[in-house]
Every structure is written in C-alpha cells, then in structure tokens.
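Undergrad: here are the coordinates; sequence isn't available:
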Ligand code: PMP
C-alpha cells in the first residue's frame, strides 16, 4: 500500500475506534468564555488556571518587550540568543521558587528532555511512577539508564524498585514523579518519596506542571506545599498553564543548572523563548510573587464547583486540586456527554482510553480563577440536566 494510503487507513482505524481527536479552533483569546465556530461557549478545558493568558499586565509587558527587543531571539542561547530578559526571568523564577537557580527552555515538554537523558547514563537507574506524563516517559526513553517503574503513588512499590536499583549497583538513582497527576488531579506523596530517597540515596525530581501557580504559598508548587523545597533536587515547571504564557523551566541547585547549560540538548540546539514570551512570563512570575489573590480565587472556585457537583450525584474520583474529573465511566457515553455539553454551551473535554484506563472515561473539567459563580452555576445546571437525560443521575 502507498505510504499516504497507509496513513489514511490508520486514521480511518482511529476514527472507527472512537480515538480520533477533534481539534476545535478558537476565534477569541483564552478566557472564561470563548468563541468557536461563531458560538460562545464556557471554557472548562484550558490550563489557564489563573486567567493570565489574556491578562492586561502580561500583554503590556509583551508589547513593550517587542518594542525593545524585537520578535525573535536570533539564535540558540549559547550562541547569541540569551538576552537580558532571559536572565531576568530565570533570576525571578529562582527567587519565586526559593531555589539557587533556574533554566528556562522552550516548553515543559523540553524541560524533561533537557534533564533526564542529560544527567543519567547506562550506569544509572530511573524510577518513574507508572502514570507520569508523556514528556517524562519520552525523556526516560532518551536516556540509556535502566528503568524501574513503580505503581502509581505506591510507596511500597517504589521501595521495591529502589531496592532492585540498589542491587543492580546503579550509580545514580533518579526518582521522577508528576507533582499533580493531570488526569485525576491527585497529588504525589512527596513526603514519603523524599524519605525513601534519603534511605536509598536517590535524587528526587518532580514535574510540577499542574502544581505551579496552584499549590503552595502564592502557587510556588507542590514542593513548597509540603515544605520540602530543600529536599527536592529538581523541579520541572511549565510557563504555559498557570503562568499563562509558554515555555518550561528547571529549578534546582546552581551547579545543576550550570551543568545543564553545558550539556542539555534542547538548550544547546533549539532557540530560546521570544522576547514577548519571556517578558510575559516574567510579569506572570511577578504577579504571583506579589499576591495570592488569583490562587485563592482558583481554589474558592474549585471547592465550590467540586462540592456542588458531588451534591448533584457525580463521582469526581480522587482529585485534590482544581482538576475535576467528572466520571461517566463508559467511553461512548462520555463522548456523547461532551458533545451534548458543547451543544448546551460548555466546552469540556472527554478523556477516554488509552489516556485513562478502559471503563474510566470522564469529562475533565478544568476550573479557572476566571470563572464567576454564575459561570459555575451555569455549568452545574447543564451537568445536572444532561446527567438526568442520559440516565446517569
Ligand atoms: N509535564 C506535565 C505533567 C504536563 O501536564 C505537561 C502539559 N501537558 C507538560 C509537562 C508539558 O508542558 P508544556 O505544555 O509546557 O510543554
């Protein structure tokens, strides 16, 4: 079969099995309400936790940066692509995260690729939670280290794997976990992980893409939430979710950052963030640093919505964060539910197998500080109405 025919055939198969992704095009900026196909819908699926993606202060900073610095960085950072605002962003992020240094790269995805294969080789062992994010999985695949996968959040399973890695005489043992797991909204058992890391002389790395701007003092993240900043060796952050912009960063000791600047391939071989993105991310960091008002609003909204949706009769699983999985269980019903929500003016994604296990399909509602009580009530009414009509409630 011709190559393009094969691709067509594979796409057809995806469609037949209900796995073809529908990509909707927004006709407005990110916000509580957005326009899609001329229709105004309540946005309940973005990671714009604090509403900073269309924030005036950030936009102003980006516009000014374009005026001063232009639109492109011109080169990779090691050649001629590091501008003063890149350094300023890294310094402010380090101050915010209460660490010695940070390194900003193009995305959270790249931050994992920048760290994992760079600090491990065939002499080492990587211990990864089975539900870690795809960018961690790919980072691990890029590394030559041995792999030890432990059961989700199961400290006994982690200890078993650490013991194996010790028996295998691994030089470095790198434990990696998501801070907040993006499909269920549950939080990594960091205190237990840190304890085991000490016992087995392992390093701890946390990808806090969904914890940054959400957990801890002013949204400093999961390590701060548990008061364990000094015990976590490497924190990965994204600037694309709560920070409202785009980009990723690595936070830790200065010597780690110095090493990554010499060795990490996404840093060495891919250009830096644009001036507009950098300035906007710097302004986002300052905004978080100065006030916890948005973080508080996010949590007020999450508690309100989660309390009410449970009262209505829905199961929202084990979430401990504003990520709200409304469990429908059945794949087909979940997709139909999401379409019905859309018809009724709510944009909320259905998450089905293989992203989550079979029979665990859900509508993942992402709460934002931008939502008003009226917005949340509007959504709650629709969830109740559709749930009844589907015979779920
Ligand atoms: N890590 C985790 C845990 C994530 O959820 C995501 C975003 N889906 C990323 C990394 C990637 O972040 P970015 O979008 O900045 O590449």
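TA: Nice, thanks for sending it over. Nothing here was measured: the structure is a model prediction, and the numbers come from that model. Numbers count the residues shown, from 1 in each chain.

Undergrad: Could you pull out the strands in the chain for me?
TA: Assigned by DSSP state E, the strands in the chain fall at 33-36, 39-43, 101-105, 125-129, 146-150, 173-178, 203-207, 234-238, 248-252, 323-329, 346-347, 349-351, 361-366.

Undergrad: So what touches the shortest one?
TA: If I follow you right, that is strand 346-347. Applying Cβ atoms under 8 Å, 6 or more residues apart in numbering, the contact partners of strand 346-347 are 24, 34, 36, 41, 42, 43, 44, 45, 341, 378, 379, 382. For every residue, glycine as well, the C-beta is placed using N, CA and C.

Undergrad: hmm, 10 Å instead?
TA: The contact list for strand 346-347 (Cβ atoms under 10 Å, 6 or more residues apart in numbering) reads 24, 26, 33-34, 36, 39, 41-46, 338, 340-341, 363, 365, 375, 378-379, 382-383, 386.

Undergrad: and the protein, which residues reach the ligand?
TA: Counting by Cβ under 6 Å from any ligand atom, the residues of the chain lying close to the ligand are 107-109, 133, 135, 178, 182, 207, 209-210, 238, 240, 248.

Undergrad: Closest residue of the chain to the ligand?
TA: In the chain, no residue comes nearer to the ligand than residue 108, which is 2.5 Å away by Cβ to the nearest ligand atom.

Undergrad: what's the neighbour count on that residue?
TA: As a burial measure, residue 108 scores 25 neighbours (other Cβ atoms under 10 Å).

Undergrad: Pretty sure it sits against residue 235.
TA: No - Residue 108 is not in contact with residue 235 according to Cβ atoms under 10 Å; the separation is 11.2 Å.

Undergrad: which residues are common contacts for those two?
TA: Residues touching both residue 108 and residue 235 by Cβ under 10 Å, 6+ apart: 207, 208, 212, 249, 250.

Undergrad: Relative to residue 93, how far out is the residue of the chain closest to the ligand?
TA: In this structure, residue 108 and residue 93 are 13 Å apart, going by Cβ to Cβ, to the nearest Å.

Undergrad: tell me, what's touching these two both at once?
TA: Residues touching both residue 108 and residue 93 (Cβ under 10 Å, 6+ apart): 212, 237, 239, 249, 250.

Undergrad: Return the member of these nearest to residue 227.
TA: Residue 227 lies nearest to residue 212 out of those, by Cβ to Cβ, at 16.3 Å.

Undergrad: Ranking by neighbours, what's the top pick from the residues of the chain next to the ligand?
TA: Neighbour counts for the residues of the chain next to the ligand peak at residue 207, which has 31 neighbours (criterion: other Cβ under 10 Å).

Undergrad: Show me the beta-bridge partners of it.
TA: Beta-bridge partners recorded for residue 207 (DSSP bridges): residue 178, residue 236.

Undergrad: That one: what's it in contact with?
TA: Neighbouring residues of residue 207 by Cβ under 10 Å, 6+ apart: 108, 111-112, 115, 129, 132-133, 135-136, 139, 176-180, 182, 188, 222, 234-238, 248.

Undergrad: Spit out the contact partners of residue 5.
TA: Going by Cβ under 10 Å, 6+ apart, residue 5 touches no other residue.

Undergrad: er, residue 76 actually
TA: Applying Cβ under 10 Å, 6+ apart to residue 76 gives the contacts 82, 266, 267, 268, 269, 270, 271, 272.

Undergrad: Tell me which of the residues you listed fall in helices.
TA: 266, 267, 268, 269 (DSSP state H).

Undergrad: Pick out whichever of those residues sits closest to residue 320.
TA: Closest approach to residue 320 among the ones in helices among the contacts of residue 76 (Cβ to Cβ): residue 266, at 30.9 Å.

Undergrad: list the helices and strands the helix or strand bottoming out on mean pLDDT in the chain packs on?
TA: Each helix and strand of the chain was given a mean pLDDT (mean pLDDT, DSSP states H and E); the minimum falls on strand 349-351 at a mean of 92. Other elements packing on strand 349-351 under the criterion 3 or more Cβ pairs under 10 Å, 6 or more residues apart in numbering; DSSP states H and E are strand 323-329, helix 331-343, strand 361-366.

Undergrad: Return the distance of stretch 56-63 from the chain's centre.
TA: Distance of stretch 56-63 from the chain centroid (Cα atoms, centre = their mean, to the nearest Å) equals 23 Å.
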